[in-house]
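A.B. asks: How does the following fold in three dimensions:
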Amino acid sequence: MKVLVIGNGGREHALAWKLLQSPRVQEVVCVPGNGGTATLPRCRNLALTMKDFEGVGRFCLVNNIGLVVVGPEVPLAEGIADYLHAQGLTVFGPSQAGAQIEASKSWAKALMQAAGIPTADASVFTDATEAIAYIETCSAPVVVKADGLAAGKGVTVAHSLEAAKLAITAAFSGQFGGAGKTVLIEEYLVGKEVSVLAVTDGHTIRPLLPAQDHKRIGEGDSGANTGGMGAYAPTPLVNSELMQRIQQDILEPTLVALQKQGIDYRGVLYAGLMVSPDGDPKVIEFNCRFGDPETQVVLPLLETPLDTILLACAQQRLEQIPAFTWKPAAAACVVVSAEGYPGQYQKGFPIQGIEQAEAMGALVFHAGTKLKQNQLVTDGGRVLGVTAIAPSFSEAIAHAYTALDCIHFDAMYYRRDIGYQVLGL
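C.D. replies: Numbers count the residues shown, from 1 in each chain. Now for the predicted structure:
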């Protein structure tokens, strides 16, 4: 089977890498891919954009692509799964209607409230003056969210009402484009964040290993929100009892709620959760795709062939697949970014040392890279994800940082405290 992966980040490099481990996968084609997928054996990049639905569809039909895997949320929200499905192609990724669960936080909130799914209380506003007037009745901290897709940067945890007002003003002034035309003001949830990525065929839903992400740019979880600066899995915060509650109280009711809306959801349902000090999970938000960088720690631990799982979801036969099997180990990923990210940053710096890091046993997933005249150069905000697997978290984290010492490019930045919550385990 030939598989086409849509996207150009670390998540897509990890998906391509994992798919190629299956004896049934002959080749992976990435649209548009990155420097990592360009140098992966039996993998090639296609010079098409993610917006070129027609070009992607034509290539898949002419080249007998057996499965299309859509990585990022934007093409899903724009309806790429619907278009390719209408061409008779087999697609892993929800429809445009299903992708609303990430593309519109207000839509997702209404779905959860109607279904009784535990989540933060929220009010929705389409006018800045009304939102600021409402803030005057609140007490800090409070959470301000742009309704639409903002690449993980549209959420502000405001520890003062003044900060909340600034966030509202920024959203309505166009900082996030159309994503900020509607704003949610939510209660601040106390606890620890957990990422539970589940796969579904629209009838059956199964969670993958739970992970924890580090969203803030600065050490000690300080500074601006990012797409994610590191992750580890499986988080010990989620034991089998809590996972059962998440399955019964959150994942299954959400799938039923989607079915009631007439939505045929085949893909990843990613629940970003807050687990309270009492152990109660609440949904912070849903995403309609694999998490990044969570994918870079979950997939290396997966022993069940990935193509088996994704194809079963796309063909609506997940129930027939045996329980997923996992390596009994810990995985940690440290994201290396360009200095200035998530704000302004420069591109085009040569990258050295990846081969040495890989020779030490680390997995180096490329995110913002490209191959320019046989030289890898930086080409994005998040540049690389360095993943290590070991029997314990402390070993995995130490191994990732030791491998990272081999890598260099100008103006590189990374957090030095990834995994601090589980060190020693």
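A.B. asks: show me where the stretch 101-250 of the chain has strands.
C.D. replies: With strands called from DSSP state E, counting those that start in this stretch, the stretch 101-250 of the chain shows them at 122-125, 142-146, 155-158, 183-187, 192-200, 205-207, 212-213, 216-218, 222-225, 230-233.
A.B. asks: where's the fifth one relative to the chain centroid, distance-wise?
C.D. replies: For strand 192-200, the distance from its own C-alpha centre to the chain's C-alpha centre is 10 Å (Cα atoms, centre = their mean, to the nearest Å).
A.B. asks: Point out where the stretch 101-250 of the chain drops to low pLDDT.
C.D. replies: 152 (pLDDT under 70).
A.B. asks: out of the strands of the stretch 101-250 of the chain, nearest to E54?
C.D. replies: Nearest to E54 among the strands of the stretch 101-250 of the chain is strand 192-200; the distance by Cβ to Cβ comes to 27.9 Å. No exception for glycine: its C-beta is placed from N, CA and C like everyone else's.
A.B. asks: From the contact counts, what lies against that closest one?
C.D. replies: strand 205-207, strand 212-213, strand 267-275, helix 306-314 (3 or more Cβ pairs under 8 Å, 6 or more residues apart in numbering; DSSP states H and E).
A.B. asks: Make a markdown table from the strands of the stretch 101-250 of the chain and add mean neighbour count to it.
C.D. replies: Formatted as a markdown table, the strands of the stretch 101-250 of the chain follow (neighbours: other Cβ atoms under 10 Å):
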| stretch | mean neighbour count |
| --- | --- |
| strand 122-125 | 18 |
| strand 142-146 | 24 |
| strand 155-158 | 20 |
| strand 183-187 | 22 |
| strand 192-200 | 22 |
| strand 205-207 | 20 |
| strand 212-213 | 25 |
| strand 216-218 | 17 |
| strand 222-225 | 14 |
| strand 230-233 | 28 |
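A.B. asks: Just put those in JSON lines and tack on distance to L384.
C.D. replies: Output for these, formatted as JSON lines (distance: least, Cβ to Cβ, whole Å):
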{"stretch": "strand 122-125", "distance to L384": "36"}
{"stretch": "strand 142-146", "distance to L384": "28"}
{"stretch": "strand 155-158", "distance to L384": "24"}
{"stretch": "strand 183-187", "distance to L384": "33"}
{"stretch": "strand 192-200", "distance to L384": "20"}
{"stretch": "strand 205-207", "distance to L384": "28"}
{"stretch": "strand 212-213", "distance to L384": "16"}
{"stretch": "strand 216-218", "distance to L384": "16"}
{"stretch": "strand 222-225", "distance to L384": "20"}
{"stretch": "strand 230-233", "distance to L384": "11"}
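A.B. asks: hang on, the earlier thing: out of the helices and strands packed on strand 192-200, which comes closest to F393?
C.D. replies: So among the helices and strands packed on strand 192-200, strand 212-213 is nearest, using Cβ to Cβ, at 10.5 Å.
A.B. asks: Using the record's assignment, carve the chain into domains.
C.D. replies: 2-95, 127-181, 192-320, 330-413 (automatic domain parsing).
A.B. asks: Go through these and name the closest to W107.
C.D. replies: With respect to W107, and counting by Cβ to Cβ, the nearest of the domains of the chain is domain 127-181 at 8.3 Å.
A.B. asks: how about the domains of the chain in TSV, adding distance to I101?
C.D. replies: Formatted as TSV, the domains of the chain follow (distance: least, Cβ to Cβ, whole Å):
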stretch	distance to I101
domain 2-95	8
domain 127-181	12
domain 192-320	5
domain 330-413	23
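A.B. asks: Show the contacting residues for W107.
C.D. replies: Q100, I101 (Cβ atoms under 8 Å, 6 or more residues apart in numbering).
A.B. asks: Would you mind measuring from it to Q113?
C.D. replies: Distance, W107 to Q113, using Cβ to Cβ, to the nearest Å: 11 Å.
A.B. asks: before we move on, what about N64?
C.D. replies: N64 is 45 Å from Q113, by Cβ to Cβ.
A.B. asks: Neighbour count for these two, which is higher?
C.D. replies: Q113 (12 against 8; other Cβ atoms under 10 Å).
A.B. asks: I figured that one was touching S123, is that so?
C.D. replies: No - with contact defined as Cβ atoms under 8 Å, Q113 does not reach S123; the gap is 11.6 Å.
A.B. asks: Quick check: the gap between A110 and V124.
C.D. replies: For A110 relative to V124 (Cβ to Cβ), the value is 8 Å.
A.B. asks: Please apply the same query to V383.
C.D. replies: Distance from V383 to V124, counting by Cβ to Cβ: 36 Å.
A.B. asks: Check A47 too.
C.D. replies: 41 Å.
A.B. asks: go on, V297?
C.D. replies: 34 Å.
A.B. asks: from what I can see G353 touches M412, true?
C.D. replies: No - if you go by Cβ under 8 Å, G353 and M412 don't touch, sitting 10.5 Å apart.
A.B. asks: Identify the residue nearest the geometric centre of the protein.
C.D. replies: Nearest to the mean C-alpha position of the chain, by Cα atoms, centre = their mean, lies G291 at 1.8 Å.
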